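sequence and predicted model, in that order:
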Amino acid sequence: MDLRELERFILVAREHTCLGQGHRLPPERPGAVEIVYREGGLTYRDSYFGRIRVIGQEIVRHAGNAIWGMNYLIVTHELPIPSEELAAFLQRAQLARYRERRLLGPHIVQERHLRYEDHNEGNLERFTGLIRVLYGEEEIYRMDYAGGLIR
């Protein structure tokens, strides 16, 4: 599969699932939350456990075969703001990236006292990264992630 087409699909899938337009399915793994987006022969599945400390995995399948994946660990620290405010800010920051139509590369969003920073290395074939949300100078959210092509 062409990497540009794969990146386009991942961005569209994330945008749809971020906006709540993906389908929640009964989980393949008990206790997980699973959100799925399908387009043609491609399927995107985000599967995660937890609420404050979250571990998850995104998998893209083509014709039923896993071709790309990403694992992530999210830690939310003591919040000086309502959790709904953080969730809304994260959604705005992530949607801004998806609408730029690029999955990787630096991405920074600043809104009043909140700052979203996404720094990563690599490309769609193999990458690692870190997303942080700062409240002033204090880290209140952190997501470590890594992924790439599956062969």
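Good, I have the coordinates.

using PDB, write out every CA atom in the top helix by length along the chain.
When the chain is parsed with DSSP state H, its longest helix is helix 83-100. These are the backbone C-alpha positions of helix 83-100, laid out as PDB (Å, rounded to 0.1, in the frame of the first residue of the first chain):
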ATOM      1  CA  SER A  83     -11.300  17.300  33.000                       C
ATOM      2  CA  GLU A  84     -13.800  18.400  30.400                       C
ATOM      3  CA  GLU A  85     -11.700  21.500  29.600                       C
ATOM      4  CA  LEU A  86      -8.600  19.400  29.100                       C
ATOM      5  CA  ALA A  87     -10.600  16.900  26.900                       C
ATOM      6  CA  ALA A  88     -12.000  19.700  24.700                       C
ATOM      7  CA  PHE A  89      -8.500  21.300  24.400                       C
ATOM      8  CA  LEU A  90      -7.000  18.000  23.400                       C
ATOM      9  CA  GLN A  91      -9.700  17.400  20.800                       C
ATOM     10  CA  ARG A  92      -9.200  20.900  19.300                       C
ATOM     11  CA  ALA A  93      -5.400  20.500  19.200                       C
ATOM     12  CA  GLN A  94      -5.600  17.000  17.600                       C
ATOM     13  CA  LEU A  95      -8.200  18.000  15.000                       C
ATOM     14  CA  ALA A  96      -6.000  20.900  14.000                       C
ATOM     15  CA  ARG A  97      -3.200  18.400  13.200                       C
ATOM     16  CA  TYR A  98      -5.500  16.000  11.300                       C
ATOM     17  CA  ARG A  99      -6.800  18.900   9.200                       C
ATOM     18  CA  GLU A 100      -3.200  19.800   8.300                       C
END
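
what is it packed up against?
helix 3-18, strand 107-111, strand 114-123, strand 126-135, strand 138-149 (3 or more Cβ pairs under 8 Å, 6 or more residues apart in numbering; DSSP states H and E). (Glycine included, C-beta is placed from N, CA and C.)

turn these into CSV, columns for mean pLDDT and mean neighbour count.
As requested, the helices and strands packed on helix 83-100 are exported to CSV (pLDDT from 0 to 100; neighbours: other Cβ atoms under 10 Å):
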stretch, mean pLDDT, mean neighbour count
helix 3-18, 92, 17
strand 107-111, 96, 14
strand 114-123, 98, 16
strand 126-135, 98, 17
strand 138-149, 98, 16
